[in-house]
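**Q** Next input, structure requested:
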Amino acid sequence: MVEPYMAIALQTRMWDDWRKNLDHIRKVMGTAIGLTSLEYPVKLVALAEGAIQGFGATGPGPLPVVEIPGEQTDIIGEMAKTFNVYIIAELFCVKELEFEDRLFNAAFIVNPKGQIIYKRYKMQLEYMAESWTTSLHDVWDAWVEKKGATLDSLYPVAETDIGKIGCMICMEGGYPEISRGLALNGAEVIYRATYHEPFVGDGTWELQNRAHALFNTCYVIAPNNGVYEGKAMSEKGPFDITGGNSMIVDFKGKIIHKVSAGTDTYAAGLIDIEALRRHRTSVMGIGNFLKDLRTEAYKIIYQQPIYPKNTRLTGPAPPDRWLANQKEAYKKSVDTLLNRRIYIKPSEKE
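**A** Residues are numbered from 1 along each chain as shown. The predicted model follows:
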């Protein structure tokens, strides 16, 4: 029996200083938990992508290589013990020991005992992230050889006493496959962190989060960032590049709580895992979409590859060259879709 509990999507300002960020997160988290636990106990807190390191971490200069476990996760672990909550967070530039010359973007979960119980690497990357991070697909053959091509190796889910939790990060929210992989591995709560403008204010962020929840009968906890206080993007000072709008969505795709501010704040919502489980096992119609997936009919959709695998499997990969390679790879993928007449070129004006 999983008792109902409150979850928090924590939205915080960022600096180009991970120690300062974590100190700030601790203070804001304490306030948010104190206010929210007036009704039900808070058992889950989610931080946005970049909340720990700031966006300047991936700017010009040496990359801030980190490890999981490491200094940052140790501090998060202490917070989890102090507040007796699960914490979901993210780190850039994570070194994977089996791929020492490649860096990854990772989501991780720490339990109330301060232990890391989950780690997943980002699969879908935004173009600008290609200069410093690697997708599992970029080293696909090596990954499959070392880790396997299974749901647990690609779409892992943490089984906890507050439900089964899976994670996706930022750009991955634009692809239905990521959340579906997590859901078909049992996820009941999906963490989806961060998007930037103009795709927050125009409704894309909300649309994606609600769709992931509805199509997979999952809760979605979606923390976005507060104002960026670093100088990697603005010499003048604070710059709200994400637009905030952190939210929590229920398993029917309805927003439980959304905040519109772009500064320090949070969205909080009641998570009722038993209600979700009753819905999944009793609703035979609309709103319970995994039960009648006709999987054999869908395999054909992905039989032909589109984006090339193994683009960073071997050889040196300096950041400037990675971006050049990425542009070329995107162009080839578009050409592939044109050649298959999936895409059609727009009419040219005379």
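**Q** State the three-state secondary structure for Thr82.
**A** helix (DSSP: H, G, I helix; E, B strand; the rest coil).
**Q** For Ile178, which residues are in contact?
**A** 123-124, 155, 168, 172 (CB atoms under 8 Å, 6 or more residues apart in numbering). Quick note: C-beta positions are derived from backbone N, CA and C, even for glycine.
**Q** Torsion angles phi and psi at it?
**A** Dihedral pair for Ile178: phi -70, psi -50, per degrees, to the nearest 10.
**Q** What of the one 3 residues further on?
**A** Phi and psi for Gly181, reported as degrees, to the nearest 10, are phi -60, psi -40.
**Q** Can you check what pLDDT the model gives the nearest residue to it once chain neighbours are set aside?
**A** Residue nearest to Gly181 in three dimensions, not counting chain neighbours: Tyr155, with 3.4 Å by CB to CB, 6 or more residues apart in numbering. If you check Tyr155, the pLDDT there is 98.
**Q** looking at it, Tyr155 is touching Glu177, isn't it?
**A** No. Between Tyr155 and Glu177 there is no contact under CB atoms under 8 Å: 9.1 Å.
**Q** between those two, which one's more packed in?
**A** Neighbour count, other CB atoms under 10 Å: between Tyr155 and Glu177, Tyr155 has more, with 23 against 13.
**Q** any idea how far the more buried one is from Arg26?
**A** 31 Å (CB to CB, to the nearest Å).
**Q** hang on, the earlier thing: may I have the residues that are in contact with the residue nearest to Gly181?
**A** Tyr155 neighbours (CB under 8 Å, 6+ apart): 120, 166, 178, 181-182, 184-185.
**Q** before we move on, the earlier item: please identify which pair of the contacts of Ile178 lies farthest apart.
**A** Farthest-apart pair in the contacts of Ile178 is Gln124 and Tyr155; separation 12.4 Å (CB to CB).
**Q** Got the domain ranges for the chain?
**A** Annotated domains of the chain cover 5-296, 301-339 [automatic domain parsing].
**Q** mean confidence for the lengthiest strand in the chain?
**A** For the chain, the strand with the greatest residue count under DSSP state E is strand 86-95. On average, the pLDDT along strand 86-95 is 96.
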